[in-house]
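Asker: Give me the fold of what follows.
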Amino acid sequence: MLSWLVAPVMSLAGSFPSMASEVDLGYEKQEGLKPGLGKKRTRVPGFTALPSGLQVKDVNPGRNGTSEAKEGDFVVFTWEGYTINYFGRPFETQTLQKMAGVDPNPVRCQIGDGTVIKGIDEGLRGMREGGIRQLYIPVELSYDEEKRLGPRPTTAGGNRALDFVMDNKGGLMDKTLLINVAVKRVYQK
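Answerer: Numbering: from 1, shown residues only. Purely as a prediction, here's the structure:
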């Protein structure tokens with residue numbers, strides 16, 4: 001499905017306006033360090049940094065003539081997720097789903113309803129049907145501690161890998177995620 005996107009993450013050119021130089025990504029909060037210290041956030045080449053800290057890259061802009069997803073629209077999408085610091089380990093891919101005997105179903109959400117993580121919600125905005133976008137998601141736009149926000153991995157191994165990173169209390173693990181989304185359908189509100 002989208003697994004081939006991970007290797008070229010550093011080489012493709014994005015299609016967003018050149019605002020990357022204007023956005024200061026700041027520092028990653030790391031609880032294991034003294035207050036005020038942290039790891040400088042990485043600016044990924046070829047990605048465009050948005051004011052929220054989300055970095056995006058359009059791999060495929062989608063079909064011409066289809067409308068862009070916006071606040072209130074319903075979106076159907078598939079996704080793959082990778083941990084950045086935990087050796088780039090995948091926590092949700094089509095290959096993992098097949099190995100676990102899981103039938104992958106697309107995710108359905110309404111933009112802005114708060115049911116998916118903030119990074120995906122923001123990243124889906126402006127996408128068209130058939131579009132593929134890579135999202136480099138900082139921890140504050142990622143999963144909540146209560147694990148209520150979706151999408152969650154469909155396999156037990158995927159949940160363990162994701163939870164190992166997100167629940168790490170040592171404070172020195174980078175919790176940045178790379179998520180690839182492919183929009184299948186946009187239903188206008």
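Asker: mind listing the strands for the chain?
Answerer: 27-29, 38-40, 48-49, 55-60, 74-83, 90-92, 107-110, 132-137, 177-187 (DSSP state E).
Asker: Any chance of CSV for those strands, columns distance to P153 and mean neighbour count?
Answerer: C-beta here means a position set from N, CA and C on the backbone, and glycine is covered the same way. As requested, the strands of the chain are exported to CSV (distance: least, C-beta to C-beta, whole Å; neighbours: other C-beta atoms under 10 Å):
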stretch, distance to P153, mean neighbour count
strand 27-29, 23, 16
strand 38-40, 25, 13
strand 48-49, 26, 22
strand 55-60, 22, 21
strand 74-83, 7, 22
strand 90-92, 4, 23
strand 107-110, 12, 18
strand 132-137, 15, 24
strand 177-187, 11, 21
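Asker: could these go into CSV alongside mean pLDDT and distance to F164?
Answerer: Output for the strands of the chain, formatted as CSV (pLDDT from 0 to 100; distance: least, C-beta to C-beta, whole Å):
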stretch, mean pLDDT, distance to F164
strand 27-29, 63, 17
strand 38-40, 68, 18
strand 48-49, 94, 27
strand 55-60, 97, 23
strand 74-83, 94, 8
strand 90-92, 88, 9
strand 107-110, 95, 22
strand 132-137, 97, 17
strand 177-187, 96, 13
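Asker: Using a markdown table, lay out the ones you listed together with distance to D163.
Answerer: Formatted as a markdown table, the strands of the chain follow (distance: least, C-beta to C-beta, whole Å):
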| stretch | distance to D163 |
| --- | --- |
| strand 27-29 | 19 |
| strand 38-40 | 21 |
| strand 48-49 | 27 |
| strand 55-60 | 24 |
| strand 74-83 | 11 |
| strand 90-92 | 9 |
| strand 107-110 | 19 |
| strand 132-137 | 16 |
| strand 177-187 | 13 |
